[in-house]
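Enquirer: Just need the structure, nothing else, for what follows:
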Amino acid sequence: MLNSKLPESELLKALLEPLLEDFNYWLERSANLLETEEIPFLSYEDQSDLLARVKQAQQEVGAAKALFQATGGQVAIETAALIPWHRLLAECWQVSARFRSLQSTPPGK
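Expert: The predicted structure follows:
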């Protein structure tokens, strides 16, 4: 549990830094899946579009992280900016789960 007596900048750093790292991690995994696998239930265009949106989000998260680090953790990110990244990851997780499910199903079933 976080110490509520931390100065605001330390609390921000304790929350935002790991969150940005998580976004980076999951966006990287999503990009890797979309770049290396043919997803049978997505058209080529849909898969390309999803990958493009993931790449765009990676750039945005990278820029937010760079700004956060450059200011020594003095810059916050509005929740409204985080929501699209979260929605995109939820979409990617659904695609990944369905893809893994198809892979674990024996042929002919």
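Enquirer: buried ones in the helix ranked longest in the chain?
Expert: Longest among the helix segments of the chain by residue count, using DSSP state H, is helix 8-36. Across helix 8-36, burial judged by 16 or more other CB atoms under 10 Å covers 12-13, 16, 19-20, 23, 26-27, 30-31, 33-34. Where you see a C-beta, it was placed from the backbone N, CA and C, and this is true even at glycine.
Enquirer: so where do the strands sit in the protein?
Expert: Along the chain, counting by DSSP state E, no stretch forms strands.
Enquirer: Helices along that one, start to end?
Expert: Counting by DSSP H, the chain has helices at residues 8-36, 44-70, 79-104.
Enquirer: From the contact counts, what lies against the shortest one?
Expert: On a contact count with 3 or more CB pairs under 8 Å, 6 or more residues apart in numbering; DSSP states H and E, helix 79-104 meets helix 8-36, helix 44-70.
Enquirer: what distance separates the start and the end of stretch 62-78?
Expert: 15 Å (CA to CA, to the nearest Å).
Enquirer: quick one on the thing from earlier: hey, least reliable of the helices and strands packed on helix 79-104 by pLDDT?
Expert: Lowest mean pLDDT of the helices and strands packed on helix 79-104: helix 8-36, a mean of 92.
Enquirer: Just give me how far stretch 80-100 sits from the chain centre.
Expert: In this view, stretch 80-100 has its centroid 7 Å away from the chain centroid, taken as CA atoms, centre = their mean, to the nearest Å.
Enquirer: circling back to that earlier point, right, and the helices and strands packed on helix 79-104 - which one's nearest His86?
Expert: helix 8-36 (8.3 Å; CB to CB).
Enquirer: helices or strands next to that closest one in the packing?
Expert: Against helix 8-36 (3+ CB pairs under 8 Å, 6+ apart) you get helix 44-70, helix 79-104.
Enquirer: nearest to Glu38, of these?
Expert: When the helices and strands packed on helix 8-36 are compared (using CB to CB), the closest one is helix 44-70, at 7.7 Å.
Enquirer: Give the other helices and strands that the closest one contacts.
Expert: Going by 3+ CB pairs under 8 Å, 6+ apart, helix 44-70 lies up against helix 8-36, helix 79-104.
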